[in-house]
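> coords below, sequence missing:
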């Protein structure tokens, strides 16, 4: 049974024959292996185009900025999975990646979509980036929603990773409408929301990558690739000196049961 319209049975990513493997129009062995690095290859694979030196440098910076972020829930899930199944690196890696959602790591995609939305609204007749940002922020405030890409529970005076990425974008000459939109949102947000809201790394990454030419539809791929590297480090350490059951034990001690007691249930019978 066919689901949905499928009239174009093609792929433009890769093919092979008895003598060669072709990826995005390049011979894998003769032109790519040994000639490009993983960041260039990642860009080529996703977009079909080779990055220039500044696009490559921006991607590298973004990947490094979020590859490792301590024992966040996705990392804990991965390490506890490996502790329970030491032979299943693939299962532990999957557990960590599946835990990357709207709060952790996937927030870059949400912030990117928000920046794109505000920028699109600013191009409507009679609108500017300032008016579009103000209107959007007021809507978020009325709905009691957070501002995507702004604020940080620890770095309340400014996320150093975001500051570094935005500075690099300036250095690389990549600042365009998306970074300008993010900065405008960040300038207006404190007055509208009534509290400090610095740009965080989840806002800086999509703004920088969008201005570098990375497609918004593939934004989640950036933190996914980055965090895979971080998860590999945690899983390697977990296999050498496990803390999975330590974390599980501490969680058990930290959480108190507040359901009905068996004695109370007996009394109601």
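Sure, I can see it. What you see is a predicted model, and the numbers here were worked out from it, not measured in a lab.
> Please parse this protein into its domains.
Residue ranges for each domain of the chain read 12-50, 107-218, as given by automatic domain parsing.
> now the helices for the stretch 101-250 of the chain?
Along the stretch 101-250 of the chain, counting by DSSP state H, counting those that start in this stretch, helices occupy 107-122, 129-142, 160-172, 177-193, 201-212, 221-240, 244-254.
> Listing request: residues of the stretch 101-250 of the chain with sub-threshold pLDDT.
The stretch 101-250 of the chain contains residues with pLDDT under 70 at 103, 105, 152-156.
> how about a cut-off of 80?
The stretch 101-250 of the chain contains residues with pLDDT under 80 at 101-106, 152-158.
> quick revisit: could you provide the helices of the stretch 101-250 of the chain in a markdown table, with additional columns for mean neighbour count and distance to residue 50?
C-betas here are computed from N, CA, C, even on glycine. As requested, the helices of the stretch 101-250 of the chain are arranged in a markdown table below (neighbours: other C-beta atoms under 10 Å; distance: least, C-beta to C-beta, whole Å):
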| stretch | mean neighbour count | distance to residue 50 |
| --- | --- | --- |
| helix 107-122 | 21 | 22 |
| helix 129-142 | 16 | 32 |
| helix 160-172 | 18 | 16 |
| helix 177-193 | 20 | 22 |
| helix 201-212 | 28 | 13 |
| helix 221-240 | 18 | 17 |
| helix 244-254 | 12 | 41 |
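> who wins for proximity to residue 22 among these?
Residue 22 sits nearest to helix 221-240 of all these, at 21.9 Å, using C-beta to C-beta.
> what packs against that closest one?
Applying 3 or more C-beta pairs under 8 Å, 6 or more residues apart in numbering; DSSP states H and E, one finds that helix 221-240 contacts helix 38-47, helix 53-66, helix 73-84, helix 89-98, helix 107-122, helix 201-212.
> and of the helices of the stretch 101-250 of the chain, who's closest to residue 36?
Among the helices of the stretch 101-250 of the chain, the nearest to residue 36 by C-beta to C-beta is helix 221-240 (15.5 Å).
> Let me see the residues that make contact with the closest one.
With contacts defined as C-beta atoms under 8 Å, 6 or more residues apart in numbering, helix 221-240 is touched by 42, 46, 59, 62-69, 74-75, 78-79, 82-83, 86, 89, 92-93, 96-97, 100, 105-106, 108-109, 205, 209, 214, 244.
> same thing with stretch 172-186?
With contact meaning C-beta under 8 Å, 6+ apart, stretch 172-186 is reached by 54-55, 57-58, 115-116, 118-119, 122, 129-130, 133, 136-137, 147, 149-150, 166, 169, 197-199, 203-204, 206-208, 210-212.
> try stretch 140-149
Applying C-beta under 8 Å, 6+ apart, the external contacts of stretch 140-149 come out as 107, 110-111, 113-115, 137, 182, 185, 189, 192-193, 197, 199-200, 202-204, 206-207.
> Could you list the buried residues of it?
In terms of neighbour count (16 or more other C-beta atoms under 10 Å), stretch 140-149 has its buried residues at 140, 147-149.
> Go ahead and measure how far stretch 22-31 is from the middle of the chain.
Chain-centre distance of stretch 22-31: 29 Å, with C-alpha atoms, centre = their mean, to the nearest Å.
> Can you get me the start-to-end distance on that stretch?
Counting by C-alpha to C-alpha, to the nearest Å, you get 10 Å between the two ends of stretch 22-31.
> if we can go back for a sec, ChimeraX command for the buried members of the contacts of helix 221-240?
Of the contacts of helix 221-240, the buried ones go into a single ChimeraX selection, burial set by 16+ other C-beta under 10 Å:
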select :42,46,59,62,63,65,66,67,69,74,75,78,79,82,83,89,92,93,96,97,100,105,106,108,109,205,209,214,244
